[in-house]
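Structure for the following, please:
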Amino acid sequence: MIEFLPQSHDNFIAIKVGGTLTARDYERELIPKLDELLSNNSTINILFVMDETFSGWSMNAAWDDATYALKHRAQFDRIAVVGGPAWVGWCMRAGAFLMSGEIRSFASGELESALQWVDPDLREGKA
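Predicted coordinates for the structure are as follows:
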C-alpha cells in the first residue's frame with residue numbers, strides 16, 4: 001500500500017507505506033509520481049512513513065527500488081524513513097553510500113523530527 005500524504009508540496013513528497021510493496025505499487029504509483037516531481041525539480045526530498053503493517057518489498061519491487069534509486073541518486077537531496085522494522089534502518093545505512101544526498105532513519109514516534117529534517121520549507125522556516 002502506498003498513500004501520498006497531504007504534507008507533500010513543491011519538491012517534497014511524503015509517502016505512507018504499509019504491507020508488502022510490490023512491483024505494481026512502484027510501476028503504477030510511486031515511480032510515476034517521482035518522475036513527475038523530478039520533471040519539475042532538479043532535486044527532491046522524500047519522507048517514507050512505514051506503518052505498523054509494513055513488512056518489506058517483493059523481490060521485483062526491491063529491484064525497482066534499487067534501480068530507480070541508482071538512476072536518480074544525484075536528484076535525491078534528503079530521504080527520511082520513519083518507523084519500520086530495524087532491518088530497514090540497516091539497509092538504508094548500507095545503501096546511503098550510493099546516494100549523493102542524505103538519508104536518515106527515525107523511530108516511529110519521531111515523525112515531527114523527521115519532517116523538520118526533510119521538508120525544505122520547515123528547514124527554512126517557511127511553514
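
May I ask which helix or strand of the chain has the lowest mean pLDDT?
helix 86-95 (a mean of 74; mean pLDDT, DSSP states H and E).

Contacts for that helix, please.
By CB atoms under 8 Å, 6 or more residues apart in numbering, the list of residues contacting helix 86-95 from outside reads Met50, Phe54, Gly56, Ala66, Ala69, Ile79, Val81, Ile103, Ser105. For the C-beta atoms, the positions are set from N, CA and C on the backbone; glycine is no exception.

One more pass at 10 Å, please.
Residues from elsewhere that reach helix 86-95 (CB atoms under 10 Å, 6 or more residues apart in numbering): 48, 50, 54, 56-57, 62, 65-66, 69-70, 73, 79-81, 83-85, 99, 103-107.

Can you pull out the low-pLDDT segments for the chain?
95-97, 127 (pLDDT under 70).

buried stuff in the helix ranked longest in it?
Scanning the chain for the helix with the most residues, using DSSP state H, yields helix 59-71. The neighbour-count check on helix 59-71 (16 or more other CB atoms under 10 Å) flags Ala61, Asp64, Asp65, Ala69 as buried.

State the pair within the residues you listed that is farthest apart.
Farthest-apart pair in the buried residues of helix 59-71 is Ala61 and Ala69; separation 12.3 Å (CB to CB).

quick one: the helices in the chain?
Using DSSP H, helices in the chain cover 23-25, 31-40, 59-71, 86-95, 111-118, 120-123.

what packs against the second one?
Counting contacts by 3 or more CB pairs under 10 Å, 6 or more residues apart in numbering; DSSP states H and E, helix 31-40 is packed against strand 12-17, strand 44-50, helix 59-71.

Okay, buried residues for that helix please.
Applying 16+ other CB under 10 Å to helix 31-40 flags Leu34, Leu37 as buried.

Out of the helices and strands packed on helix 31-40, the one nearest Leu122 is which?
strand 12-17 (9.0 Å).

Which other helices and strands does the closest one contact?
Strand 12-17 packs on strand 2-4, helix 31-40, strand 44-50, strand 76-83, helix 111-118, helix 120-123, going by 3+ CB pairs under 10 Å, 6+ apart.
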